[in-house]
Structure formats: C-alpha cells, structure tokens
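**Q** Pasting the sequence and the predicted coordinates here, then a few questions.
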Amino acid sequence: MQFRRFGNKYFVRMDKGEEILTSLKKFCGQERITLAEVKALGAVDDFTVGLFDVAEKKFHANHYEFPAEIVSLWGTITTKDGEYYAHIHMSAGDSQGRVFGGHLNNARVSATCEMIVDDLSEGSTNGFVVERKFSEEVGLNLFEFLN
C-alpha cells in the first residue's frame, strides 16, 4: 500500500493480494483517522458481501471467487467505544456485466484498489465526534453524535 495526502484527502493505492478492510484499518491507525468518508474502485478476485436482515437481526453473507471490477466502494470510518470502526459497502461486476454487492466483509485485491479517504477527523467537524452505539431495536451499530 502506498498513499499521498492532499489537504484532508488521501489517495491510497492498495496492491495485488492485499485485503481491503485489513489494509484500510492499518492505514487509518497509522494516520490516526477516526472520522472519514471512503470511496474506491479497482479489481478483486475473492470477496464476501452481505445483507443485514432487519427482521432476523442477522447478516447473510455471499462469497465470490472470480475476477471482478469494483463498480462502487463507499463507506464511513468512525469509532465505537473509542476504537476504529468501518462501515463499507461494495459492488463488483463480473465479465458478463452482472453486479454483486452489499456490506463488505472482505475483499482481496487482484490488480489494484485506488481509494480516496476524506479525513474529517479534525478541522471541519467543529469538535463534534461521530461514535457508534448499538441499537437493540435495529440490531446494528448506528451513528451517535457527541458534543
């Protein structure tokens, strides 16, 4: 992984074989990022995405192993109990043009992943903190706005 910072934005390149969520967590820890918007494109060959069933309060995961283009990867970085927390969704398309997506559980880069991380940890947040708190009603960790 390599990256460069331009103001509050980072341009990140993940390389073949890297796992996207693992690399993103390492990067955010290294750069002390606690609040950010993340978007990316690239290619993967092994990924798991899923759907949260609100009625069951349970995730259903779908695993895929084939060459795929990342059509869309978007998400947020926040904290839960003061620790790193990523909420990322990804859609990836196959050679037939079919797209598979949902909540990203893991994804292995097959060629490259070009990511932009918009760091909102300082400055533009006016001292506000976005933390995560578990909602019994929904069954997910939701935004909680502090300060």
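**A** Alright, I've got the coordinates. Numbers count the residues shown, from 1 in each chain.
**Q** Run through the chain and note the low-pLDDT ranges.
**A** For the chain, applying pLDDT under 70 flags the ranges 123-127.
**Q** and the longest strand for it?
**A** strand 99-119 (DSSP state E).
**Q** Nearest residue to the middle of this protein?
**A** residue 88 (3.1 Å; Cα atoms, centre = their mean).
**Q** what comes up buried for the strand or helix carrying it?
**A** Here residue 88 sits within strand 83-93, counting by DSSP states H and E. Residues of strand 83-93 classed as buried: 85, 86, 87, 88, 90, 91, 92 (neighbour count, 16 or more other Cβ atoms under 10 Å). Every C-beta, even on glycine, is put in place using the N, C-alpha and C of the backbone.
**Q** What ranges does this structure have for its strands?
**A** Using DSSP E, the strands found in the chain span residues 2-6, 9-15, 36-53, 58-64, 68-80, 83-93, 99-119, 129-135, 140-146.
**Q** who's in contact with the shortest one?
**A** With Cβ atoms under 8 Å, 6 or more residues apart in numbering as the test, strand 2-6 has contacts from 10, 11, 12, 13, 15, 27, 31.
**Q** Now the two most distant members of these.
**A** Greatest spacing in those, by Cβ to Cβ: 15 and 31 (17.9 Å).
**Q** Of those two, give the one with the bigger neighbour count.
**A** More neighbours surround residue 31 than the other of residue 15 and residue 31, with 16 against 13 (other Cβ atoms under 10 Å).
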